[in-house]
Every structure is written in C-alpha cells, then in structure tokens.
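# Below is the sequence, then the predicted model.
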Amino acid sequence: MADRDTGASLIEILIAVVLLGTVVVAVLGALQVSVIGTRIERDHAKAYQWLQSANGVLQAAERVGCDYDPSDPADPLDDPADLPYADGEEKMRLRYQTLVRSRVVNPPDWDDRQLTVLYPVKIWDGSRYWEPASAPKSCYDVDGYFLQLITLEVTNPNGDIIETIEVVKRD
C-alpha cells in the first residue's frame, strides 16, 4: 500500500507564509500612504483656510499707503515705532504682516509666524504692477493709483511651503 500525503509539506508552508507576508506588507504600505496623504491634505486645507481668512482681514483693513515719511504727523498709523522702516515697501509689507498675524485665527498647533507677507508688495501705475525698487516712481498714490499686489505665504509646522495667494488691495 502506498503512503498517502498526510499534510502539507515544508515547501507548501513556506510558500503560504511568503504569500501572506507579501499581502501584509502591501496592506501596511497602503495604510501608510493613506495616512501620509491624509496629513498632507489636512495641512493644505488648513493653510488654504488660513489664507482665505487673511485675505478677508486684508480686504477689510485700512489700506497702508506706499508713500514714506517717517515724521508725517498726518498719517494716523505713524508713531515712533514706525521710524525704522527703510522705505515705503517695507512699511506696507511689515504693517500688513503685523495686521494679518494679529487678527487672523491660527489653526491649532500652528504659529502666527508661519503666515508671511512676501517681498515685495507691488504697486500699480495704471498699466502694470511694479516692485517699488524698480518702478519709475516709488509710489503712485499721489497719481490716484491705489492698487497693491500683496503675496501671502503659509508654511506648515515643519517649515514646508504649502500655500501662496496673491491679494489685490485697493482703497
């Protein structure tokens, strides 16, 4: 009488273990990709929401003029703390940055320094936006052109740039 196969051989067991291990590794890899993708999408959503809030604050706030006179008593925003600005562009940029950082609610676990007004705040001359340093004139407010192009940037807590928006500010 011939011997009957009474069970699985060692080779069959090893193949089954390898196949099951491959399935487990694939499932864990898919889970990791899903978790990372969800975290990145969540950070982008928070950044976009933060930028939209900053846009609303900028649009509702009083416009900061591009003219610069550190001793202008007619400017209600001028005070001794404003004197260190080097020029009108720096004045606009830093005042807008202070404004959005102080009035926009940060997402949980995000710091207000992660919301930045980027250099330069550009000015409109009636036909195009200029970087004030390279414009024919450093300010066109006296000509009646009050448009400013402000670029806001949000970085996540790790320091990666995730969202940027350009805002047109007008009087």
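Everything's here; your move.

# So which bits of stretch 26-37 are buried?
For stretch 26-37, the neighbour count (16 or more other CB atoms under 10 Å) marks no residue as buried. For the C-beta atoms, the positions are set from N, CA and C on the backbone; glycine is no exception.

# quick one: average confidence on it?
Stretch 26-37 shows a mean pLDDT of 93.

# And for E90, the neighbour number?
Residues within reach of E90, counting by other CB atoms under 10 Å, total 16.

# got a list of what A133 touches?
If you count contacts by CB atoms under 8 Å, 6 or more residues apart in numbering, A133 has them with D87, E89, P120.

# Spell out the residue ranges of the strands in this protein.
Ranges of strands in the chain, per DSSP state E, are 115-117, 122-124, 129-130, 148-155, 161-169.

# do you know which of those strands lies nearest N106?
strand 115-117 (7.7 Å; CB to CB).

# any idea of the mean pLDDT for that closest one?
93.

# Equivalent analysis for stretch 41-61, please.
Mean pLDDT, stretch 41-61: 90.

# Spell out for me which residue occupies the centre of this protein.
V154 (1.8 Å; CA atoms, centre = their mean).

# quick one on the thing from earlier: I'd like the contacts of A133 as a markdown table, with distance to P132 appended.
Output for the contacts of A133, formatted as a markdown table (distance: CB to CB, whole Å):
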| residue | distance to P132 |
| --- | --- |
| D87 | 7 |
| E89 | 4 |
| P120 | 6 |
